[in-house]
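Undergrad: Need coordinates for the below:
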Amino acid sequence: MSYGFKIMVDGDYACFTRTEMKVERVSYDVPPPGALEGMLKSVYWKPAIRYVIDKIIVFNPIDFINIRRNEVKNKVSLSAMKSQMNGKGGDPCIYTSEERSQRASMILKNVRYGVEFHFELTGLKNDNETDAEKKHYNIIKRRLEKGQCFRTPCLGCSEFPVRSIKLVDDFDMNQISSSILESGDVDLGFMSYRVCFTDKGIPINDDWDNPKFSDKASTQYYRPHMIGGVIDVAKYMEVMKC
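TA: Residues are numbered from 1 along each chain as shown. Now for the predicted structure:
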């Protein structure tokens, strides 16, 4: 039995930030697989499974817009948070009037993607179930059909939520924009594939009830081509670079 899915994803805006841009945000032309994996984890995720993106289809023209927006430049201090929780004082708050900075962003607008993906078992917290794959498949299918999620799926940044995710039997390739089709074979250059954490999703304290994870990570890159709007992710994974 095949445990793959095909979905249509729509959004008003998207920003898949290029890793080489240090100051201003500039989006990739198309979504990296890691960003789509994160979107799917907002629908359903367990340590027992990992998502694998097989194919990405770009339906709408790649259209950029420049905006300026306010961002908070610092994070809440973990030590201040712990200090307050322990009754020792400390101020874990961020005051936006003091921490605010304005940044320019070049983002995508009016995006529509077809995403073909499957999941694999990781071997973590499977509870020795013989039908684990079927169980996860049915849960993912049901949640996609009902539009359920436990946090808002987004397109790269949390400020750009997904407008809709629809489960489909197949993609209507006739809906691909003529400008995308006319572009032919497009070399997208080196793109981020995903961020890989060194702990591989396993708590470094080996305690699933009160887990602590490592923040150490590295980025994997790959060099895909978009041919007639279709990015065959599985094909270009073979030449992935770390």
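Undergrad: check contacts around the closest residue to F171 other than its chain neighbours.
TA: Spatially, and ignoring its direct neighbours in sequence, F171 is nearest to G114 (4.5 Å; C-beta to C-beta, 6 or more residues apart in numbering). C-betas here are computed from N, CA, C, even on glycine. Taking C-beta atoms under 8 Å, 6 or more residues apart in numbering, we find G114 in contact with 6-9, 55-57, 59, 168, 171.
Undergrad: Would you show me how to pick out the buried ones of those in ChimeraX?
TA: In ChimeraX, this line selects whichever of the contacts of G114 come out buried by 16 or more other C-beta atoms under 10 Å:
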select :6,7,8,9,55,56,57,59,171
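Undergrad: Identify those among the contacts of G114 that sit within strands.
TA: Per DSSP state E, strands hold the following members of these: 6-9, 55-57.
Undergrad: Please render the contacts of G114 as TSV that adds pLDDT and distance to S178 to the earlier fields.
TA: Below are these laid out as TSV (pLDDT from 0 to 100; distance: C-beta to C-beta, whole Å):
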residue	pLDDT	distance to S178
K6	96	23
I7	97	23
M8	97	19
V9	97	21
K55	96	21
I56	97	19
I57	97	15
F59	97	11
V168	95	21
F171	95	17
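Undergrad: Most widely separated two among the contacts of G114?
TA: Spatially, the most separated pair among these is I56 and V168, at 14.3 Å (C-beta to C-beta).
Undergrad: Ramachandran coordinates for the residue nearest to F171?
TA: G114 has phi and psi values of phi -100, psi 130 when expressed as degrees, to the nearest 10.
Undergrad: for this structure, which spans come out with low pLDDT?
TA: Low-confidence segments of the chain, defined by pLDDT under 70: 1-2, 125-130, 238-242.
Undergrad: Go again with 50.
TA: Counting by pLDDT under 50, the chain contains low-confidence ranges at 1, 242.
Undergrad: Now do the strands in it.
TA: For the chain, applying DSSP E gives strands covering 4-14, 25-26, 49-58, 64-72, 100-121, 154-155, 157-161, 164-167, 185-187, 191-197, 217-222, 225-227, 230-231.
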